[in-house]
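Q: structure, please.
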Amino acid sequence: MSILQFELWLDCPNNCKFCAIREFKSFKLDKKQLLQQAIDRLDTIDWNKFTEMTLIGGELITEDIVDDKKAKFLEFIEKIILLLKEDKLKKFYLVTALLNKNYILQDILELFRENKLMNRFSINTSWDYMYRFNEINKKIWNNNVSLAEAYNCEIHYETILTEALIKAVLRNEKEVIDKISNNNLDLIRPSGSYTHSNEHLEDFFIIRKDFFKFLDKLKTLNKRLYDNLFNLEKRASEIHTLPTGEVTNRINKLYIEEIHDKIALCGHDELYRECYSDSKECIICDILRYKEEFDNE
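A: Modelled structure (predicted):
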């Protein structure tokens, strides 16, 4: 499995406190033009190298995707559908926070249903214990999830492994335990924003000793999730960022998220030394050592 990712634009209206791209919210990008670039770029890809494709923003489903932008977005989706029908692609993933109202979501679902390709389409969204939801947008999110479910669309969830989430798991909070037990969920590392605006966000970054307590619980609560914690194998290996024209690559097996990133002495991406609030230890090294000790018990 090799995954290609298109990053259509950088801006997002959701303004989540923890998020790096909230600092791009003032970007004024020509989304219709970027969608046309994406459509044209599809013709340049060597599809022998990839089996799956992911489309992300910024945030893709926003209230401003109307009229000619909406038509261009659906034109892009129709071209993806053609690639699936030609078997150049095996699966397509649409990544969206689902926090905004826009009927284009139903239009996309209809296109996949009409073409009998629902089993090769997935919506990837996020559920977070803190910082993402408020009373208004959580209702919108639930409505959008229900809409996708009504089409029998596969939904995959990602959750940031924050200190707040770890504490909730250790307290056995029912909603959190239910989410963590779900086999359609993956955990992703907490990460800093470009200007470090989330550096002191309460209970965002992990306390190291609590992380080990969490691992103790996770290995019995959800062995699949434990085995695949922070695994990059299901992430894109090649990323096309349309607004900047950059093409970047991951080395998934080595936990290197971008080949030009700074690499720690342990050989993993330096980003994994930024997950703890109280330590600069590499969280991947901690996981690997923990599993080695557990497996030898």
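Q: what residues are up against the residue lying closest to Ser181 once chain neighbours are set aside?
A: Distance criterion Cβ to Cβ, 6 or more residues apart in numbering; nearest residue to Ser181, sequence neighbours excluded, is Asn222 at 5.4 Å. Every residue, glycine included, has its C-beta placed from N, CA and C. Contacts of Asn222 were listed using Cβ atoms under 8 Å, 6 or more residues apart in numbering, and they are 180-183.
Q: tell me which helix or strand Arg113 sits in.
A: Counting by DSSP states H and E, the element that carries Arg113 is helix 104-114.
Q: hmm, who's touching stretch 127-140?
A: 14, 16-18, 97-101, 126, 141, 157-160, 162, 164-165, 168, 176, 179, 185, 201, 203-204.
Q: what subset of the residues you listed is buried?
A: With neighbours counted by 16 or more other Cβ atoms under 10 Å, the contacts of stretch 127-140 contain buried members at 14, 16, 18, 97-100, 126, 141, 157, 159-160, 162, 164-165, 168, 176, 179, 185, 201, 203-204.
Q: looking at those residues, which are in helices?
A: Secondary structure assignment by DSSP state H places 141, 164-165, 168, 176, 179 of the buried ones among the contacts of stretch 127-140 in helices.
Q: from the residues you listed, which is closest to Cys266?
A: If you rank those by distance to Cys266 using Cβ to Cβ, Leu165 comes first, at 25.0 Å.
Q: just checking, the closest one touches Val176?
A: Yes. Leu165 lies in contact with Val176 (Cβ atoms under 8 Å); the separation is 6.6 Å.
Q: most surrounded residue in the contacts of Asn222?
A: Looking at the contacts of Asn222 with neighbours defined as other Cβ atoms under 10 Å, the largest count falls to Ile180 at 21 neighbours.
Q: that residue reaches Lys223, doesn't it?
A: No. Contact between Ile180 and Lys223 fails when scored by Cβ under 8 Å: they sit 11.8 Å apart.
Q: what sits against Gln37?
A: For Gln37, the residues meeting the contact criterion (Cβ under 8 Å, 6+ apart) are Leu242.
Q: buried residues, the helix or strand where it lies. List them.
A: With the criterion set as DSSP H and E, the secondary-structure element containing Gln37 is helix 31-42. Taking 16+ other Cβ under 10 Å as the basis for neighbour counts, the residues of helix 31-42 that come out buried are 31-32, 34-35, 37-39, 42.
Q: any stretches of the stretch 1-150 of the chain with poor pLDDT?
A: Applying pLDDT under 70 to the predicted model, the residue ranges of the stretch 1-150 of the chain that meet it are 1, 22-27.
Q: all strands of it, in order?
A: Taking DSSP state E, counting those that start in this stretch, the strands of the stretch 1-150 of the chain run over residues 3-7, 52-56, 91-95, 121-126.
Q: cool, the stretch 151-297 of the chain as well?
A: If DSSP E, counting those that start in this stretch is used as the criterion, the strands of the stretch 151-297 of the chain fall at 154-160, 185-188, 238-241, 246-249.
Q: and for the spatially closest residue to Thr241 that is not a sequence neighbour, the neighbour number?
A: Nearest residue to Thr241 in three dimensions, chain neighbours excluded: Glu7, at 4.5 Å (Cβ to Cβ, 6+ apart). By the criterion of other Cβ under 10 Å, Glu7 has 22 neighbours.
Q: what's across from Glu7 in the sheet?
A: With DSSP bridges as the criterion, Glu7 is bridged to Ile56, Thr241.
Q: thought it was touching Met53?
A: No. Counting by Cβ under 8 Å, Glu7 sits too far from Met53 to count as a contact (12.0 Å).
Q: check the gap between the spatially closest residue to Glu202 that is not a sequence neighbour and Tyr129 for me.
A: Leaving out its chain neighbours, the residue that sits closest to Glu202 by Cβ to Cβ, 6+ apart is Ala164, at 7.9 Å. For Ala164, the distance to Tyr129 under the criterion Cβ to Cβ, to the nearest Å works out to 5 Å.
Q: before we move on, what about Ser237?
A: Distance from Ser237 to Tyr129, by Cβ to Cβ: 30 Å.
Q: compare these two and say which one has the larger neighbour count.
A: More neighbours sit around Tyr129 than around the other of Ser237 and Tyr129, counting by other Cβ under 10 Å; the figures are 22 against 17.
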